[in-house]
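Engineer: Structure for this input, please:
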Amino acid sequence: MKRIKVRELLTSPVPGSEVLVKGWVRTKRGNKNIVFIAVNDGSTINNIQVVADASAFSEQLLKDITTGACIAVNGRLVESQGQGQAVEINASSIELYGKSDAELYPLQKKGHSMEFLRENAHLRFRTNTFGAVFRIRHSMAFAIHKYFNDKGFFYLHTPVITGSDCEGAGEMFHVTTLDLKNPPLNDAGGIDYSADFFGKETNLTVSGQLEGELGALALGEIYTFGPTFRAENSNTPRHLAEFWMIEPEMAFYDIRDNMDLAEDFVKYLIKYALENCREDLEFLNNMIDKELLARLRFVLENSFVRISYTEAVAILSAADRKWDYPVGWGRDLQAEHERYLVEEHFKKPVILTDYPRDIKAFYMKQNDDGKTVKAMDVLFPGIGEIIGGSQREEDYNKLLERIREMKLPEKDMWWYLDTRRFGTAPHSGFGLGFERLMLFVTGMSNIRDVIPFPRTPRNAEF
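Structural biologist: Presented below is the predicted three-dimensional model:
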């Protein structure tokens, strides 16, 4: 008999049919006459109840069916006599695939702290919370690809190992095959990277943007979706050393086109989640964040306010509020400032534009005022910035001047500058941190809980 997933059984039940289900035991209860086993196979947040006549099965088998055990059940699907489920399975046979020591299994039927579940990240997928989170993560990844594919974008695989630093911050993980205990040295006494595997110093990428621009300036519209890395010693609920980024880059888009795409994109993703992940979202709304569904609808139902950074600073400066971080033109805005604009002042999502050039990256297009750049940040309730982007500087001389001004290694940027020498064009793009999106869509409060195996300072377990 072919196995049927629990989700299919519960959404399209055929009472009276013979079925085969396989999964892991969530709970078992009963008496000497009848046993009730809740089975979950990961396809849905809901369990299927298996009813076993104790006299039809060996006492040892029923004893070995404990929380965490893996079983296969053949039986007849019938209408449930109890509350909480429409159908259940009257078991005719049960095969025990794998026992689970009841005393040692970490996930007993009780509440567990998030920290405890992080320490047992190899098993946390089996909990309702993390089953919901990672099913939603899959749906969001699929929706991202569907959105861009349907709009005619091309998916570009940018390198994980790179010799460039997109952000110019230097917080990068080095990649080397050299003997760290005895590396070769050059005449100046520094490490001789010409003897390394790639013949030069290389790192794990912090962004696929620069390479993405190369694709956009030939293919028109591309997007990247891949892992990125930051060697930043930040042990906070908002930082990871390894995370995933979605970075579209578009030829012939100005900053307004860029803002239009960003708003349409995130609204599409939220709409997709509400339409395709309803049960998981309702569970998270009830158990993790009571405002989750309302916040998702808030973004979906409102047009995004678009104001300049200068206007935002004026609003914040005039606010009757004591800020933890000072507000002033030329300072970067903090989450408290961003959330105030969204949640209290405008009561709508906000896109900020035209930031001071001195606090933004070298590749952003400079405005005619000589002080600001065509940057944009999309701000959401509960989270602050969720998207950062800009119109890119297409003028060769201005870009070169900015690279020199910021003392970036010009010799390593020759290929990037070439795109401005040979057929340059106006173009724009933005970056969306996948885990930042997942925090918003799931209502989880710690970024470690929306990626399967978090990589953080002093933690590379599993």
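Engineer: Name the helix or strand for residue 72, please.
Structural biologist: strand 70-79 (DSSP states H and E).
Engineer: mean confidence for the helix or strand following that strand?
Structural biologist: As assigned by DSSP H and E, the chain's next helix or strand after strand 70-79 is strand 87-98. Average pLDDT, strand 87-98: 97.
Engineer: Low-confidence ranges, the stretch 51-200 of the chain, go.
Structural biologist: 165-170 (pLDDT under 70).
Engineer: What segments of it are strands?
Structural biologist: 70-79, 87-98, 154-155, 161-162, 174-175 (DSSP state E, counting those that start in this stretch).
Engineer: and the first one, what other elements does it pack with?
Structural biologist: For strand 70-79, the packing partners by 3 or more CB pairs under 8 Å, 6 or more residues apart in numbering; DSSP states H and E come out as strand 18-30, strand 34-40, strand 87-98. Glycine gets a C-beta too; all of them are placed from N, C-alpha and C.
Engineer: out of those, nearest to residue 456?
Structural biologist: Closest approach to residue 456 among the helices and strands packed on strand 70-79 (CB to CB): strand 18-30, 28.2 Å.
Engineer: Could you list the buried residues of that closest one?
Structural biologist: 19, 21-26, 28 (16 or more other CB atoms under 10 Å).
Engineer: Redo the residues you listed as TSV? Include pLDDT and distance to residue 184.
Structural biologist: Output for the buried residues of strand 18-30, formatted as TSV (pLDDT from 0 to 100; distance: CB to CB, whole Å):
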residue	pLDDT	distance to residue 184
19	98	65
21	98	60
22	98	55
23	98	55
24	98	52
25	97	57
26	96	57
28	95	62
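Engineer: about what we covered before: could I get the strands of the stretch 51-200 of the chain in CSV, plus columns for mean neighbour count?
Structural biologist: Shown next, in CSV, are the strands of the stretch 51-200 of the chain (neighbours: other CB atoms under 10 Å):
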stretch, mean neighbour count
strand 70-79, 17
strand 87-98, 16
strand 154-155, 14
strand 161-162, 16
strand 174-175, 15
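Engineer: For residue 304, find the nearest of the ones you listed.
Structural biologist: Nearest of the strands of the stretch 51-200 of the chain (CB to CB): strand 154-155, 26.0 Å.
Engineer: Listing partners with orientation, what would you give for the closest one?
Structural biologist: strand 221-229 (parallel) (DSSP bridges).
Engineer: returning to that earlier point: compare the helices and strands packed on strand 70-79 and give me the one nearest residue 280.
Structural biologist: Nearest of the helices and strands packed on strand 70-79 (CB to CB): strand 34-40, 13.0 Å.
Engineer: where does residue 324 land in three-state SS?
Structural biologist: What DSSP: H, G, I helix; E, B strand; the rest coil gives for residue 324 is coil.
Engineer: Can you give me the distance of the residue lying closest to it once chain neighbours are set aside to residue 303?
Structural biologist: Closest residue to residue 324 apart from its sequence neighbours, by CB to CB, 6 or more residues apart in numbering: residue 336 at 5.9 Å. Using CB to CB, to the nearest Å, residue 336 is found at 24 Å from residue 303.
Engineer: do residue 128 as well
Structural biologist: 35 Å.
Engineer: still on that earlier bit, dump the helices and strands packed on strand 70-79 to TSV, plus distance to residue 286.
Structural biologist: Converted to TSV, these look like this (distance: least, CB to CB, whole Å):
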stretch	distance to residue 286
strand 18-30	18
strand 34-40	18
strand 87-98	23
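Engineer: ok so, going back, kindly reformat the strands of the stretch 51-200 of the chain as JSON lines and extend each row with distance to residue 239.
Structural biologist: JSON lines is the format used below for the strands of the stretch 51-200 of the chain (distance: least, CB to CB, whole Å):
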{"stretch": "strand 70-79", "distance to residue 239": "36"}
{"stretch": "strand 87-98", "distance to residue 239": "37"}
{"stretch": "strand 154-155", "distance to residue 239": "27"}
{"stretch": "strand 161-162", "distance to residue 239": "21"}
{"stretch": "strand 174-175", "distance to residue 239": "19"}
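Engineer: follow-up on the earlier one: which stretch among the helices and strands packed on strand 70-79 comes nearest residue 146?
Structural biologist: Closest among the helices and strands packed on strand 70-79, once you apply CB to CB, is strand 34-40, at 27.5 Å.
Engineer: list the helices and strands the closest one packs on?
Structural biologist: Strand 34-40 packs on strand 18-30, strand 48-53, strand 70-79, going by 3+ CB pairs under 8 Å, 6+ apart.
Engineer: I'd like to know which of those is closest to residue 311.
Structural biologist: When these are compared (using CB to CB), the closest one is strand 18-30, at 52.7 Å.
Engineer: Show me what the closest one is packed against.
Structural biologist: Using 3+ CB pairs under 8 Å, 6+ apart, strand 18-30 is in contact with helix 6-11, strand 34-40, strand 48-53, strand 70-79, strand 87-98.
Engineer: can you list contacts of that strand?
Structural biologist: 1-6, 9, 35-42, 47-48, 50, 52, 54, 65-77, 89, 97, 100, 109, 126 (CB atoms under 8 Å, 6 or more residues apart in numbering).
Engineer: before we move on, what about stretch 138-151?
Structural biologist: Under CB under 8 Å, 6+ apart, the answer for stretch 138-151 is 155, 221, 223, 225, 246, 248, 265, 268-269, 272-273, 276-277, 434, 437-438, 441.
Engineer: Then stretch 272-280?
Structural biologist: Contacts for stretch 272-280 (CB under 8 Å, 6+ apart): 44-46, 131-133, 135-136, 139-140, 143, 146, 281, 293, 296-297, 300, 441.
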